[in-house]
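Trainee: I need the structure of the sequence given here:
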Amino acid sequence: MTSRDIDDRLNLSAGVASVSVALILIAAKLWALFQTGALSVAATLADSALDLAMSLGALAAITYAARPADDDHAFGHSAAEDLAALGQCLFILASAALIGGAGAQRLAHPAPAAPMSEGAGIAVMGLSIVLTLALVAWQRHVARATGNRVVAADSLHYLGDLIPAIGAIGALWASQRFGLGWIDPVVAIGAALLMARGALRIGRDAWDALMDRAVDAETVAGIEAIARDFPGVHGHHDLRTRRSGGRVFVNLHIELDGAQSLTQAHDIGAALKRAILNRYPRADVIIHKDPV
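Mentor: Purely as a prediction, here's the structure:
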């Protein structure tokens with residue numbers, strides 16, 4: 001089994017775990033919502049539904065992006081990840097608007113009704129936190145092992161879900177202990193704002209990738225430093241980069257001694273490519289050789 005096969009299996013396991021946790025939490029939070037009627041629970045339920053949509057999209061993207069390049073897709077299939085993320089962004093923004101609007105409407109009510117059966121809601125939110133922490137731990141392990149950015153992004157998204165869950169517990173506890181029903185819609189509005197912020201970040205990154213925007217300046221500088229100091233390379237120019245899903249595409253022209261043999265020039269280019277891949281293992285590198 002090759003290292004790529006191992007990476008693909010780890011990435012797939014993270015995707016399946018993400019979908020499984022989302023399904024469990026949706027079922028538990030639906031029950032808690034019927035028991036409590038709390039908007040803060042509704043916010044986390046909506047967030048879990050979004051998690052399921054995003055996890056399914058991520059799983060499909062991971063599966064599709066793992067397919068090798070073919071005649072119709074010479075650069076692979078990794079753009080599927082960005083297309084899925086862009087669609088998820090729009091869905092998240094719509095849901096955040098609905099949750100935020102419901103929270104504002106209830107907050108404007110002269111006497112917001114306090115949630116019921118707060119203990120049931122607190123228990124479900126506690127289960128949500130435990131499962132989410134376990135999932136994030138596994139996703140981070142997979143992301144470190146494989147370098148998959150989809151898994152890493154999904155991990156960050158679930159980590160962000162902990163804030164609304166903890167807020168929901170606080171709202172339910174305050175309602176149970178002090179009768180402060182207004183905390184519930186405030187937490188719902190805060191959760192909606194967090195969802196919208198995350199959606200805009202995901203959408204921006206996906207849009208940049210689909211529009212072939214250059215990768216971050218730090219990565220560009222790192223590639224330039226490798227080429228500048230590489231033995232046999234007299235200079236470089238026309239460095240072009242773009243990102244698609246979890247892959248970075250690099251196109252670089254290097255200047256070599258025109259008097260040396262084609263074999264020597266090829267060896268220098270191949271060694272430089274290996275050096276770049278050692279630093280950025282998920283890159284796809286094309287090097288053009290020009291005589292000085």
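Trainee: going forward, measure contacts and count neighbours with C-alpha atoms only.
Mentor: OK.
Trainee: Gln260: what secondary structure?
Mentor: Following DSSP: H, G, I helix; E, B strand; the rest coil, we place Gln260 in the coil state.
Trainee: and for it, the neighbour number?
Mentor: 10 (other Cα atoms under 10 Å).
Trainee: contacts only, for it.
Mentor: With contacts defined as Cα atoms under 8 Å, 6 or more residues apart in numbering, Gln260 has no neighbours.
Trainee: could you redo the last one with a cut-off of 10 Å?
Mentor: Pro291 (Cα atoms under 10 Å, 6 or more residues apart in numbering).
Trainee: now the strands: where do they sit in the stretch 151-292 of the chain?
Mentor: 235-244, 247-256, 283-291 (DSSP state E, counting those that start in this stretch).
Trainee: how about these in JSON lines, adding distance to Leu93?
Mentor: Shown next, in JSON lines, are these (distance: least, Cα to Cα, whole Å):
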{"stretch": "strand 235-244", "distance to Leu93": "23"}
{"stretch": "strand 247-256", "distance to Leu93": "27"}
{"stretch": "strand 283-291", "distance to Leu93": "32"}
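Trainee: between those strands, which one is closest to Ala271.
Mentor: With Cα to Cα, the closest approach to Ala271 among the strands of the stretch 151-292 of the chain belongs to strand 283-291: 10.7 Å.
Trainee: which positions in the closest one come out as buried?
Mentor: Ala283, Asp284, Val285, Ile287, Lys289 (16 or more other Cα atoms under 10 Å).
Trainee: same check on stretch 100-111?
Mentor: Gly100, Gly101, Ala102, Gly103, Arg106, Leu107.
Trainee: among the residues you listed, which lie within helices?
Mentor: Gly100, Gly101, Ala102, Gly103, Arg106, Leu107 (DSSP state H).
Trainee: where's Leu135 relative to Ala22, distance?
Mentor: For Leu135, the distance to Ala22 (Cα to Cα, to the nearest Å) stands at 10 Å.
Trainee: overlap in contacts of the two?
Mentor: Tyr158.
Trainee: and the two? Which one has more around it.
Mentor: Ala22 (28 against 21).
Trainee: which non-adjacent residue is nearest the more buried one?
Mentor: Leu52 (5.2 Å; Cα to Cα, 6 or more residues apart in numbering).
Trainee: for the stretch of helix or strand the one you found belongs to, what is the distance to the chain centroid?
Mentor: Per DSSP states H and E, Leu52 falls inside helix 39-65. On the basis of Cα atoms, centre = their mean, to the nearest Å, helix 39-65 sits 11 Å off its chain's mean C-alpha point.
Trainee: that helix - what's its average pLDDT?
Mentor: Mean per-residue pLDDT for helix 39-65: 76.
Trainee: return the helix or strand in this protein with minimum mean pLDDT.
Mentor: When each helix and strand of the chain is scored by mean pLDDT, DSSP states H and E, helix 149-178 comes last, with a mean of 67.
Trainee: any idea how far Arg240 is from the most centrally placed residue in the chain?
Mentor: With distances taken as Cα atoms, centre = their mean, Ala153 lies nearest the centre of the chain, 2.0 Å away. As judged by Cα to Cα, Ala153 and Arg240 stand 25 Å apart.
Trainee: and for Leu194?
Mentor: With Cα to Cα as the criterion, Leu194 and Arg240 are 34 Å apart.
Trainee: pull the number of nearby residues for Phe34.
Mentor: Counted with other Cα under 10 Å, Phe34 comes out at 14.
Trainee: element containing it?
Mentor: Assigned by DSSP H and E, Phe34 belongs to helix 3-36.
Trainee: quick one on the thing from earlier: can you pull the contacts of the residue nearest to Ala22?
Mentor: Ser18, Val19, Ser20, Val21, Ala22, Leu23, Leu25, Ile26, Ala46, Ala58.
Trainee: mark which of the residues you listed are buried, thanks.
Mentor: The neighbour count (16+ other Cα under 10 Å) marks Ser18, Val19, Val21, Ala22, Leu25, Ile26, Ala46, Ala58 as buried among these.
Trainee: wait, the second one sits on Tyr158?
Mentor: When you say that, I think you mean Val19. No: using Cα atoms under 10 Å, Val19 is not in contact with Tyr158, being 11.6 Å away.
Trainee: what do these two both touch?
Mentor: Asp51.
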